[in-house]
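Asks: got a sequence here, can you build the structure:
(one chain, ligands or ions: 2)
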Amino acid sequence: MPDRPIIEIRELTKRYKGADEPAINSISLDINKNEIFGLLGPNGAGKTTTISILCGLFPPTKGSVTINGLDIHADIRKIKQIIGVVPQDIALYPTLTARENLTFFGNMYGLRGKVLKNKIDDYLTEFGLERHAGKMVARFSGGMKRRVNLIAGLLHDPKVIFLDEPTVGIDVQSRLEILNYLKLINKKGTTIIYTSHYMEEAENLCSRVAIIDRGSIISLGNPKELVAEHPEFKNLENIFIHLTGKELRD
Ligand SMILES: Nc1ncnc2c1ncn2[C@@H]1O[C@H](COP(=O)(O)OP(=O)(O)OP(=O)(O)O)[C@@H](O)[C@H]1O
Ligand SMILES: [Mg+2]
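Replies: Ligands and ions are numbered 1, 2, ... in the order given. Below is the predicted model:
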């Protein structure tokens, strides 16, 4: 029997207070163990809203989610132990050092003492930040902040990691570093759900993508197969523009 999907999303709807239209409208989706799944869509499509609900940040207006067989509403405490979150907006304390920030996040996940210190050291080295451990994050470049933000979500070795635009606004070197690391932890068994505006990146990285627009899924599948089904568009970016149009969203 095939494994049960690690994430099951059923008819998920979120209507923010005072909004005319729902931000996401009856989204249903299965994500399988060990996928790198890309959530793609124009600005305001509903990507962050979807990820926020999956992480238990706020409840949906309607619908249900299970992660690893656990219900997001009833079992959120257990779910939080197995998921990692890397938010779109950098969530670090600017006046603390990189090490202090990471110690804070590690403590939140119940990590302490030498185990935590060694983990932080390993990650800082992995991401080329060991010389900057004692510097205030406020002084970091955008790429350095993104890398610390990423480490904060990985410290507790989550089974499932949600990354909201982890490669936005950084140089090619930082981006490659982050993508290679995501591939590595995926090979070791971590399921990855990530959002991006970089279609070429998603085409190369993802086992499947969902293109969402105005709160609904309008295309779903393996990116290479999607391109093969529409040879006239040549790449995922052209398919994306074909499906979502050229009109600005916000
Ligand atoms: N806290 C909020 N209150 C009211 N409306 C919101 C709130 N957050 C998001 N929205 C609206 O919900 C819709 C979806 O927003 P969301 O942030 O999920 O989009 P997104 O796909 O992540 O966009 P982006 O690519 O710009 O990050 C948008 O119309 C947005 O204006
Ligand atoms: Mg967003």
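Asks: now do the strands in the chain.
Replies: Counting by DSSP state E, the chain has strands at residues 7-14, 24-31, 36-40, 62-67, 70-71, 83-86, 160-164, 191-196, 208-213, 216-221.
Asks: the closest residue to Glu130 other than its chain neighbours: neighbouring residues, count only.
Replies: Closest residue in space to Glu130, ignoring its immediate chain neighbours: Leu124 at 4.7 Å, by C-beta to C-beta, 6 or more residues apart in numbering. (C-beta placed from N, C-alpha, C; glycine too.) Applying other C-beta atoms under 10 Å, we find 20 residues neighbouring Leu124.
Asks: please tell me how far Leu124 sits from ligand 1.
Replies: 28 Å (C-beta to the nearest ligand atom, to the nearest Å).
Asks: now swap in Gly18 and tell me
Replies: From Gly18 to ligand 1 the distance is 7 Å (C-beta to the nearest ligand atom).
Asks: now for the residue nearest to Glu130: which residues touch it?
Replies: Leu124 makes contacts with Ala98, Arg99, Leu102, Glu130, His132, Ala133, Ile151, as judged by C-beta atoms under 8 Å, 6 or more residues apart in numbering.
Asks: got those residues as CSV, with neighbour count, distance to ligand 2 and pLDDT columns?
Replies: Compiled in CSV, these are given as follows (neighbours: other C-beta atoms under 10 Å; distance: C-beta to the ion, whole Å; pLDDT from 0 to 100):
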residue, neighbour count, distance to ligand 2, pLDDT
Ala98, 27, 25, 98
Arg99, 18, 29, 98
Leu102, 26, 24, 98
Glu130, 14, 31, 96
His132, 20, 28, 97
Ala133, 16, 30, 97
Ile151, 24, 21, 96
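Asks: so His242 touches Asn235, yeah?
Replies: No - the criterion here is C-beta atoms under 8 Å, and His242 misses it with Asn235 at 11.0 Å.
Asks: distance of the residue most central in space within the chain from Ala228?
Replies: Most central in the chain under C-alpha atoms, centre = their mean is Leu163, positioned 1.8 Å from the mean C-alpha point. Applying C-beta to C-beta, to the nearest Å, the value for Leu163 to Ala228 is 27 Å.
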